[in-house]
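1. below is the structure, and that's it, no one-letter string:
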């Protein structure tokens with residue numbers, strides 16, 4: 001049993017720390033969603049979310065940038081976030097991790113979904 005523990009410890013050390021991950025939980029690819037407001041939910045692993053603001057150079061921490069149709073426009077440290085208004089139509093939503101200096105972490109960590117924004121989806 002001791003040999004197995006040593007082997008697992010060696011493999012864990014050799015593989016390095018777990019890689020950061022961001023997953024766009026909502027909306028999902030193919031969804032039809034309301035654009036007023038446009039709600040988003042992400043999950044983040046192995047990365048400490050901090051409020052955007054004064055630059056920080058601490059490895060492994062930063063915030064989530066949200067881009068719509070290739071335009072990076074919103075920053076958040078929240079897992080649930082909303083944009084006040086998004087125009088109707090097909091929209092590419094991207095969520096990616098950036099460091100405390102507002103630069104994408106390397107290698108790039110992002111998730112994306114293509115959704116349709118339609119007023120009929122609003123309650």
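-> Looks like it came in fine. Everything numeric in this text was worked out from a predicted model, so none of it was measured.
2. next secondary structure after the helix or strand bottoming out on mean pLDDT in the chain?
-> Within the chain, no helix or strand scores below helix 2-15, which has a mean of 48 by mean pLDDT, DSSP states H and E. Where DSSP states H and E defines the elements, the next helix or strand beyond helix 2-15 is strand 21-26.
3. that next one pairs with which strands, parallel or anti?
-> Strands adjacent to strand 21-26 in the sheet, as given by DSSP bridges, are strand 38-45 (antiparallel).
4. check which residues of the strand it pairs with are buried.
-> Buried residues in strand 38-45, counting neighbours by 16 or more other C-beta atoms under 10 Å, are found at 38, 40, 42, 44. For the C-beta atoms, the positions are set from N, CA and C on the backbone; glycine is no exception.
5. who's in contact with the third one?
-> Listed by C-beta atoms under 8 Å, 6 or more residues apart in numbering, the contact set of residue 42 reads 22, 23, 24, 25, 64, 79, 81, 95, 111.
6. next one: the second one
-> Shown here is residue 40, whose contacts under the criterion C-beta under 8 Å, 6+ apart are 24, 26, 27, 66, 80, 81, 82, 83, 93, 95.
7. for residue 120, which three-state class applies?
-> Three-state assignment for residue 120 (DSSP: H, G, I helix; E, B strand; the rest coil): helix.
8. next, count neighbours for it.
-> 7 (other C-beta atoms under 10 Å).
9. for the residue nearest to residue 55 when sequence neighbours are not counted, phi and psi?
-> In space, and not counting its chain neighbours, residue 55 is closest to residue 101: 4.8 Å by C-beta to C-beta, 6 or more residues apart in numbering. Note on residue 101: backbone dihedrals following degrees, to the nearest 10 are phi -100, psi 10.
10. report the next helix or strand after the longest strand anywhere in the chain in sequence order.
-> Scanning the chain for the strand with the most residues, using DSSP state E, yields strand 89-99. Counting by DSSP H and E, the element after strand 89-99 in chain order, helix or strand, is strand 110-117.
11. given that next one, what are its sheet partners and their directions?
-> Sheet partners assigned to strand 110-117 using DSSP bridges are listed as strand 32-33 (parallel), strand 89-99 (antiparallel).
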